[in-house]
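Participant: Test case, fold it:
(one chain, ligands or ions: 2)
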Amino acid sequence: MRCFVPFAVDSPKTRLGSFLSPAERQSFATAMLLDVLDTLVSAGLDPTVLSTAPITDDRIPSRATITVDDRELTTAVNAQLAEHTPTLIIMADLPLVQPRDIPRLVDNEAEITIAPGLGGGTNALVVREPAFRVDYHGASYLDHRQAAVELDATVQTVDSRRLATDIDESADLAEVLIHGTGTAHDWLVESGFELDTTGGRVGVHRS
Ligand SMILES: Nc1nc2c(ncn2[C@@H]2O[C@H](COP(=O)(O)OP(=O)(O)OP(=O)(O)O)[C@@H](O)[C@H]2O)c(=O)[nH]1
Ligand SMILES: C[C@H](OP(=O)(O)O)C(=O)O
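Facilitator: Ligands and ions are numbered 1, 2, ... in the order given. Below is the predicted model of the structure:
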């Protein structure tokens, strides 16, 4: 199955801006991308990074093809969907996803399969209906369900904690420290992040 991983090269992860410098945000975003690519390759897929700009990190080309499209996310993804289905679109900020999670997406026969993110985004999507188009941001999980209904397409939701955990805000970093096993986890540890268990909900602090 065709598989695209959208990736914003310039100024990624702005919501982590109070914890990470711009260079660190780029480095951490790349670490998460590496985890996602390793998972996809281990699951037998041949991913393409749908990138806003060329990627200079030499660890990426051995894991994926890189396609550069500097249009915004929804436009770039829809251009790919217009060419061919079935297609898997999976985000680059899902470092907890493991190879065993991927068959739940790609082996599903529904015309639209959605793994929602916490907060209502669309973390992964398999499109088998050629007329379907994405509309990201906001509660895009609901928007994508509605778009499928309007096309009379069958919809399946994949309820998975690992697929749902997109790393957007500082509280999400604790999830990577607790459950992560790959490059993003190691990046946080090497950058001095530790769990902060002093308050109510576990967070992170930097030593
Ligand atoms: N190709 C492409 N990918 C994008 C674009 N914007 C975001 N992405 C990717 O889409 C996924 C979800 O991104 P978001 O969490 O919405 O945005 P972000 O830039 O990573 O983070 P914020 O700046 O905090 O919103 C990640 O894999 C991003 O790298 C875009 O304009 N084009
Ligand atoms: C791309 C967007 O991500 P979020 O802004 O929810 O992280 C979405 O899933 O619609």
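
Participant: Which residues of this protein lie near ligand 1?
Facilitator: 6-8, 12-15, 50, 52, 72-73, 76, 91-93, 168 (C-beta under 6 Å from any ligand atom). Quick note: C-beta positions are derived from backbone N, CA and C, even for glycine.

Participant: Can you give me the separation between L142 and D159?
Facilitator: As for L142, its distance to D159 is 15 Å (criterion: C-beta to C-beta, to the nearest Å).

Participant: And the two? Which one has more around it.
Facilitator: Using other C-beta atoms under 10 Å as the criterion, L142 and D159 rank with L142 on top: 13 against 9.

Participant: Locate the more buried one within the secondary structure: which element?
Facilitator: Element membership for L142, per DSSP states H and E: helix 140-150.

Participant: Give the buried residues for stretch 101-118.
Facilitator: For stretch 101-118, burial by neighbour count (16 or more other C-beta atoms under 10 Å) applies to 101-102, 104-106, 108, 110-117.

Participant: which helices and strands sit right next to the helix holding L142?
Facilitator: Applying 3 or more C-beta pairs under 8 Å, 6 or more residues apart in numbering; DSSP states H and E, one finds that helix 140-150 contacts strand 112-116, strand 122-127, strand 155-157.

Participant: Export these as a markdown table, with columns for mean pLDDT and distance to ligand 2.
Facilitator: A markdown table is the format used below for the helices and strands packed on helix 140-150 (pLDDT from 0 to 100; distance: least, C-beta to the nearest ligand atom, whole Å):
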| stretch | mean pLDDT | distance to ligand 2 |
| --- | --- | --- |
| strand 112-116 | 98 | 8 |
| strand 122-127 | 98 | 4 |
| strand 155-157 | 98 | 14 |
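
Participant: Quick one: closest of the ones you listed to F193.
Facilitator: Nearest to F193 among the helices and strands packed on helix 140-150 is strand 122-127 (22.4 Å), distances taken as C-beta to C-beta.

Participant: Identify the residues contacting the closest one?
Facilitator: 1, 81, 85-91, 94, 105-106, 108, 110-117, 134, 136, 140-141, 144, 158, 163-164, 166 (C-beta atoms under 8 Å, 6 or more residues apart in numbering).

Participant: So what's the gap between stretch 37-53 and the chain middle?
Facilitator: 11 Å (C-alpha atoms, centre = their mean, to the nearest Å).

Participant: How about residues contacting it?
Facilitator: Among residues not part of stretch 37-53, those counted as contacts by C-beta under 8 Å, 6+ apart are 1-10, 33, 36, 55, 60, 63-70, 76-77, 80, 88, 90, 92, 97-103, 106, 182-183.

Participant: Narrow those to just the buried residues.
Facilitator: Taking 16+ other C-beta under 10 Å as the criterion, what is buried in these is 2-9, 33, 36, 55, 60, 63-64, 66, 69, 76-77, 80, 88, 90, 92, 97-98, 101-102, 106, 182-183.
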